[in-house]
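> Got a predicted structure here, sequence first:
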Amino acid sequence: LDGNVEIWSKTLIDDRTAFVALFPQPYGTPIQLSVNLTDLGLGRFDEYDFFETFHGEFLGKYHKNERYSFTI
């Protein structure tokens, strides 16, 4: 992605996948990123439900051709 940002994925049960974005800089302000879902390998289904992992918050439903924007 942008500079030193890494995105890792883990296949889970029930056709689920977990993603984590890492920005391994010890200092600095948060950065805004945007990624195509197809670049994450998502394309098997037309739509995907996104959840925040730690609190289980529903982030929205995204089509496989959309971009997902986030801050890390």
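Received it, and whenever you're ready, just let me know what you need. Model, not experiment: these values are computed from the prediction. Residues are numbered from 1 along each chain as shown.

> When you work out contacts or count neighbours from here on, use the C-alpha atoms and nothing else.
Noted.

> Show me the residue sitting in the middle of the protein in space.
Centroid-nearest residue in the chain, with Cα atoms, centre = their mean: residue 19, separated by 5.3 Å.

> what helix or strand is it on?
strand 17-22 (DSSP states H and E).

> What about the residue of the chain most remote from its centre? Give its phi and psi, please.
For the chain, the largest distance from the centre (Cα atoms, centre = their mean) belongs to residue 27, which lies 22.2 Å off. Phi and psi for residue 27, reported as degrees, to the nearest 10, are phi -130, psi 160.

> sorry, back to before: what are the contacting residues of the strand holding residue 19?
5, 6, 7, 8, 9, 10, 11, 12, 72 (Cα atoms under 8 Å, 6 or more residues apart in numbering).

> Can I get it as PDB, trimmed to CA atoms?
This file holds the C-alpha atoms of strand 17-22, laid out as PDB (Å, rounded to 0.1, in the frame of the first residue of the first chain):
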ATOM      1  CA  THR A  17     -11.400 -13.600   6.400                       C
ATOM      2  CA  ALA A  18      -9.700 -11.400   8.900                       C
ATOM      3  CA  PHE A  19      -7.400  -8.500   7.900                       C
ATOM      4  CA  VAL A  20      -5.000  -6.400   9.800                       C
ATOM      5  CA  ALA A  21      -3.200  -3.200   8.500                       C
ATOM      6  CA  LEU A  22       0.100  -2.400  10.100                       C
END
